[in-house]
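# sharing a sequence plus its predicted fold:
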Amino acid sequence: MGIPLIDFSKLTSPDKAVRGQEIQTLDTACREIGFFYLVNTDIDTALMSRIMKAAKRFFDKPLDEKLAIDIKNSTNHRGYGAVGEEQLDELNKADWKETFDMALDLSADHPLALKYPKMYGPNQNPNDPVVLETLHDYYVTAFSVAQHVLTAMADALKLESDFFTRCFKDHVTVLRMIHYPPRPSATHDNGAGAHTDYGCITLLLQDEVGGLEVKHRNGEWIKATPMEGSLVVNIGDLMQRWTNDEYTSTAHRVRASEADVHRYSFPFFVEPDYETHVACVPSCQSKERPAKYDPILSGDWIQSRFDATYAYREQEPA
Ligand SMILES: O=C(O)CCC(=O)C(=O)O
Ligand SMILES: [Fe+2]
């Protein structure tokens, strides 16, 4: 089984029959593999190529300029992460990548930043206005695409259409740029270690290099081969929990690029308001299938997943 393809223009079609059929395909993809390609979105090829250029511009800057916005100096995890800083798979080698994270930009004295300082607060922005403007444009457009996908998922799960989207007032959705530089040695085959994503859904834009692999439930790793103009979307842990394990958060990894090859990718981690009450959705439980998980605040859950990654990193630096 490969990775299914969903047509965003059909998901948002005014023709009920067309939309209904695509929602059915979406539902099956979310249950069976938790990954799909999304085509014909509002992120047009011009915006895709703008953000690719912006990433090259940003990561090409001298290291000391990037370290001026080091993610280590941010309590709320925003800014630049140097190579070796993140290790997603604790049994493997350090991820061979550098990153940049941004999200909703709140001042440090905003009530939410005071209450949840690890999640809310200021961004650490690149000082290049072209890069910053591009990131902003991409964020806004990707957010709108994500909201349409979440609406379709709510419909697929027979919930009120805004069941998920109403939880995105003070959301913690993160846009990340990743640069995978050429691998340091022939034996370092790890771009990003095997992991699942923490949030609701992730919308990933990748360049033409390839390397992303998805773990099928039969144990095989399937290549998510780049498809021009598409996003790769996957279900995260929070959505899996919300749906009582009906929608699947699937492990994935990135193989290191070949010698001399640079890869760029852009995950958009769609995560709701910290105080979203995540309790098993009504349509995913019954007498025969009781709720498996206790209700939890979205932010507490995401934070606990995050802290687990950090704890490991602090014990055993890469
Ligand atoms: O770079 C990629 O293709 C995937 C990255 C990823 O899975 C992540 O950052 O969570
Ligand atoms: Fe991921």
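Arrived safely, thanks for sending. Residues are numbered from 1 along each chain as shown. Ligands and ions are numbered 1, 2, ... in the order given.
# tell me the spacing between the residue in the stretch 201-318 of the chain that ligand 1 sits nearest to and Ala291.
Among the residues of the stretch 201-318 of the chain, Ser265 lies nearest to ligand 1; the distance is 3.4 Å by Cβ to the nearest ligand atom. Where C-beta positions appear, they are placed from N, C-alpha and C, glycine not excepted. Using Cβ to Cβ, to the nearest Å, Ser265 is found at 35 Å from Ala291.
# OK, contacts around Ser144?
Counting by Cβ atoms under 8 Å, 6 or more residues apart in numbering, Ser144 touches Asp42.
# work out for me the element it sits within.
Per DSSP states H and E, Ser144 falls inside helix 129-156.
# next structured bit after that helix?
strand 174-180.
# elements contacting whichever strand or helix holds Arg19?
Assigned by DSSP H and E, Arg19 belongs to helix 16-32. Packing partners of helix 16-32 (3 or more Cβ pairs under 8 Å, 6 or more residues apart in numbering; DSSP states H and E): strand 5-7, helix 8-11, strand 35-39, helix 129-156.
# just want the angle from that helix to helix 129-156.
Interaxial angle of helix 16-32 relative to helix 129-156 (axes from the mean of the first three to the mean of the last three Cα atoms, to 10 degrees): 100 degrees.
# buried deepest among the helices and strands packed on helix 16-32, which one?
Greatest average neighbour count among the helices and strands packed on helix 16-32 goes to strand 35-39 (a mean of 22), per mean count of other Cβ atoms under 10 Å.
# run the chain-centre distance for it.
When distances are taken as Cα atoms, centre = their mean, to the nearest Å, strand 35-39 is centred 13 Å away from the chain's centroid.
# one more: stretch 229-240?
Put simply, stretch 229-240 sits 7 Å off its chain's centre (Cα atoms, centre = their mean).
# how long is that stretch from one end to the other?
27 Å (Cα to Cα, to the nearest Å).
# identify the residues contacting the residue of the chain most remote from its centre.
The C-alpha centroid of the chain is most remote from Lys287, which lies 33.3 Å away (Cα atoms, centre = their mean). Residues counted as contacts of Lys287 (Cβ under 8 Å, 6+ apart): none.
# and it, what element?
Assigned by DSSP H and E, Lys287 falls within no helix or strand.
# on that earlier part again, and the residue of the stretch 201-318 of the chain closest to ligand 1, helix, strand or coil?
What DSSP: H, G, I helix; E, B strand; the rest coil gives for Ser265 is strand.
# could you do the one 4 residues further on as well?
When the structure is reduced to helix, strand and coil (three-state DSSP), Phe269 reads as strand.
# what's the neighbour count on the closest residue to it other than its chain neighbours?
In space, and not counting its chain neighbours, Phe269 is closest to Val174: 4.5 Å by Cβ to Cβ, 6 or more residues apart in numbering. By other Cβ atoms under 10 Å, the residues close to Val174 number 20.
# from memory Val174 sits against Ala103, does it?
Yes: between Val174 and Ala103 there is a contact at 4.7 Å, judged by Cβ atoms under 8 Å.
# on that earlier part again, what's near enough to touch the residue of the stretch 201-318 of the chain closest to ligand 1?
Listed by Cβ under 8 Å, 6+ apart, the contact partners of Ser265 are 178, 180, 204-207, 212, 254.
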